[in-house]
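**Q** Need coordinates for the following:
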Amino acid sequence: MNVIEGNIASPAGFRASGIHAGLKKSRKDMALIVSECPAASAAAFTTNRVKAAPVLYDMKILEKGCARAVVVNSGNANACTGEQGYKDCEETASYAASALGIASDEVFVSSTGVIGQMLDMTRIKKGIDSLVSALGKDGEAAAEAILTTDTVKKEVCVSVNLDGKEVRIAGMAKGSGMIHPNMATMLCFITSDAAISHDVLQELLGTTVEDTFNMISVDGDTSTNDTVIVLANGMAGNKMIEKGSDSYIAFSKAFDYVLRELAKKIVKDGEGADRFIEMKVEGAAGQNDARALARSVVSSSLVKAAFFGSDANWGRILCAMGYSGASFSLDKVDLFYSSAAGSIQVLKSGSPIVFDEDEAKKILLEKEIYVRAVLHDGSACATAWGCDLTYDYVRINGDYRS
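**A** All right, here's what the predicted structure looks like:
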């Protein structure tokens, strides 16, 4: 696998665009992704019982197993908008399909932004006209158009050789706040020119999401709109990827890399965040235990606050592990902090050890912090990613609607 310069339109047969339709005051706010031919589709959605209209709509579109386009708007979540919100999704897909010359059930619709406001369909339709006119291989405008409180675009592109053919996988994501495990407000779109069936792609996405997007947390809030959509159109010319084959293994590793990097980019751009935290649990009794422990630590407000203050308060980490619901033996736990400034052990076999507080402070003043808990209970491992909790988080979310 090679990491390459590229964007959502880099795989063969894909085009994209992003424009300002007036849903937001000045920033781009609508994006379009289109495949030249029908593409196998896969998707994952929020576990929140309050699901936005586009999530409900896309769950229906997914049943077909193939699609050609995705229309995205930012600035308005189209969530808690009742029957009219769903009808607006249908109208958006129908209008886009007509403009593109495809069927309406080949169009996914996604939204992100403020909850409880109706879409301005006049602007949506004018925006679609502009998007279709602007379609091209420059997907960076699309990556910009899906952002809300994000400060940077989040894009990843890789290539992998399958059957002597160069296959590309590209992704773009948005997410900065309302991010929490179980589809942590995030949207993610993946394109690939690989030949792969809907069933194999859907299973691969479900597995990969567990250890990528479901392992990040900014603030403990799970959104109404969280969505990952994947389109794979087969235009690279590789043989159909069969589960368990060498091609499948190579493709799945590249696919995992794309989702993992996008997940980390979301956390690094967490609202008001100053530090990136990686929590790795090693030697857990089972995989579910490892995941629960790692997630619990990066989700803890007290742990986040400690990292904001560069405070080596390992008691908060143990506390978060303790209420995770996972099984582990406290008297076996070793705990370490590390960063570009060095590494230090703060707990051995569940008991405190004397360590240099000044050295620990120096390590925790870095922008990227790595925590490792070694449990000695088994062989399962898991990694979760989070960020610190700063004053700016409250400032940003105190006036989000304005």
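
**Q** Can you find the helix or strand in the chain with the smallest mean pLDDT?
**A** Between all helices and strands in the chain, the lowest mean by mean pLDDT, DSSP states H and E belongs to helix 391-398, at a mean of 68.

**Q** how about Glu90, secondary structure?
**A** When states are read from DSSP: H, G, I helix; E, B strand; the rest coil, the local structure at Glu90 comes out as helix.

**Q** any idea of the pLDDT on the nearest residue to it once chain neighbours are set aside?
**A** Across the structure, with C-beta to C-beta, 6 or more residues apart in numbering as the measure, the residue nearest Glu90 apart from its sequence neighbours is Tyr57 (7.0 Å). C-beta here means a position set from N, CA and C on the backbone, and glycine is covered the same way. Per-residue confidence at Tyr57 stands at 98 (pLDDT).

**Q** Likewise for Asp269?
**A** With respect to pLDDT, Asp269 scores 83.

**Q** How many neighbouring residues does it have?
**A** By other C-beta atoms under 10 Å, the residues close to Asp269 number 24.

**Q** Need phi/psi at it.
**A** Asp269 has phi and psi values of phi -100, psi 20 when expressed as degrees, to the nearest 10.

**Q** pretty sure it contacts Leu147?
**A** No: in this structure, Asp269 sits apart from Leu147 without contact. The criterion is C-beta atoms under 8 Å, and the distance is 9.4 Å.

**Q** What's the separation between the residue nearest to Leu56 when sequence neighbours are not counted and Phe276?
**A** Counting by C-beta to C-beta, 6+ apart, Tyr86 is the residue found nearest to Leu56 once chain neighbours are left out, at 6.4 Å. Counting by C-beta to C-beta, to the nearest Å, the gap from Tyr86 to Phe276 is 38 Å.

**Q** The two: which has the busier surroundings?
**A** Summary of the neighbour comparison: Tyr86 and Phe276, criterion other C-beta under 10 Å, with Phe276 having more neighbours (22 against 17).

**Q** Just grab the bridge partners of Glu155 for me.
**A** In this structure, Glu155 has beta-bridge partners Met172, where bridges are defined by DSSP bridges.

**Q** Would you pull up how far stretch 369-377 lies from the middle of the chain?
**A** Using C-alpha atoms, centre = their mean, to the nearest Å, the distance from the centre of stretch 369-377 to the centre of the chain it belongs to is 24 Å.

**Q** Identify each buried residue in it, please.
**A** Ile369, Tyr370, Val371, Arg372, Ala373, Val374, Leu375, Asp377 (16 or more other C-beta atoms under 10 Å).

**Q** Please name the residues that touch the first one.
**A** The reference is to Ile369. Ile369 makes contact with Arg275, Phe276, Ile277, Glu278, Phe307, Tyr337, Ser338, Ser339, Ile363, according to C-beta atoms under 8 Å, 6 or more residues apart in numbering.

**Q** Understood, closing this out.
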